[in-house]
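A.B. asks: got a predicted model here, sequence first, then my questions.
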Amino acid sequence: MLRVQKISKFFGEKQALKDVDCSVKKGQIAALLGENGAGKSTLLRILSGFIEPNTGTVDIDDVEVSKNRLEFLRQVGYVQEISALYGEMNVFEFLNFVADIRQVSATEKNTRIKEVVNLLELQDVIGQKNETLSKGFKKRVELAAVLLAKPLVLLLDEPTEGLDPNQKFSIRQTIKKYAKDHIIIISTHTLEDVEAVADRVLLLHKGELLADAKLSDFKKKAKNDLLESFRKATKD
């Protein structure tokens, strides 16, 4: 279980998060929903260990990031919205490089690479340089690199942003497959993604968690008319 307890974060005098409290269990896909500036990316960066909160704690199965950082980070995979690929490497070289960084053993490395290549359907671009890939394939390679280490917790920031319908479908199918034995949190402002993959909604508004509910309940009881505003945004 991933537990977030009373997380607050300030950037100077601006408070980005205020006493955020939630938990996500294995097998769940939680959509972190909110308008731009709601605090979604800040929360993901805290959950990934990239930045520290001013107050509060985060733990995975009782392993706190502040007390056992390395063990915590071994269990987390984070795919950011902005591409983190090395453009001069081809897909295989990049996956091999990431496997070494994540300390995947030599006896398991080739098997792991084959698994993620098959899962993300990267066979046709395995020798292609990352800088020449389409946006959809770049997203797949980034996700494949994170999945090499088989993290218990997978954090995805706007995973389908800018993709065409077929690419979105492929990414969503991969997310649903991986969710069976793992914990997934998707940050998005698109209801289409939420309804396609999520079973829970965590609604952030101006740094506060306004709702933590099943998707069906959230759609019935969304606060402050935010759900309707997201519906309109997806149509514009």
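C.D. replies: Great, that's in hand. This structure is a prediction, so every number in the text was calculated from the model and none was measured. Numbering: from 1, shown residues only.
A.B. asks: show me which residues of the helix or strand harbouring Leu202 are buried.
C.D. replies: Remark: Leu202 resides in strand 200-205, with elements defined by DSSP states H and E. If you call a residue buried by 16 or more other Cβ atoms under 10 Å, then strand 200-205 has these buried ones: 200-205. Placement of C-beta: from N, CA and C, glycine included.
A.B. asks: report the central residue of the chain.
C.D. replies: Residue closest to the mean C-alpha point of the chain, counted by Cα atoms, centre = their mean, is Leu156 at 1.7 Å.
A.B. asks: confirm that one sits in a strand?
C.D. replies: Yes: the assignment for Leu156 is a strand, going by DSSP: H, G, I helix; E, B strand; the rest coil.
A.B. asks: now it: how far from Arg172?
C.D. replies: Separation of Leu156 from Arg172 (Cβ to Cβ, to the nearest Å): 11 Å.
A.B. asks: before we move on, the earlier item: okay, the buried residues of strand 200-205 in TSV with distance to Gln123 and pLDDT next?
C.D. replies: Compiled in TSV, those are given as follows (distance: Cβ to Cβ, whole Å; pLDDT from 0 to 100):
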residue	distance to Gln123	pLDDT
Arg200	34	93
Val201	35	92
Leu202	35	93
Leu203	39	89
Leu204	38	90
His205	43	87
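A.B. asks: ok, Ile113 - contacts?
C.D. replies: Going by Cβ atoms under 8 Å, 6 or more residues apart in numbering, Ile113 touches 92, 95-96, 99, 148.
A.B. asks: what mean pLDDT does whatever helix or strand it lives in have?
C.D. replies: Taking DSSP H and E as the criterion, Ile113 maps to helix 106-119. If you average the pLDDT over helix 106-119, you get 94.
A.B. asks: tell me the first helix or strand C-terminal of the strand holding Leu202.
C.D. replies: Reading on from strand 200-205 to the C-terminus, the next helix or strand found by DSSP H and E is strand 208-214.
A.B. asks: domains for this protein, by residue range?
C.D. replies: Listed by automatic domain parsing, the domain ranges of the chain are 11-75+152-236, 83-150.
A.B. asks: lowest average pLDDT across those?
C.D. replies: Within the domains of the chain, the least confident segment by mean pLDDT turns out to be domain 11-75+152-236, at a mean of 87.
A.B. asks: can you give the distance of that one from its chain's centre?
C.D. replies: The chain centroid and the centroid of domain 11-75+152-236 are separated by 7 Å under Cα atoms, centre = their mean, to the nearest Å.
A.B. asks: likewise stretch 85-100?
C.D. replies: Between the mean C-alpha location of stretch 85-100 and the chain-wide mean there is a distance of 20 Å, by Cα atoms, centre = their mean.
A.B. asks: thanks a lot, catch you later.
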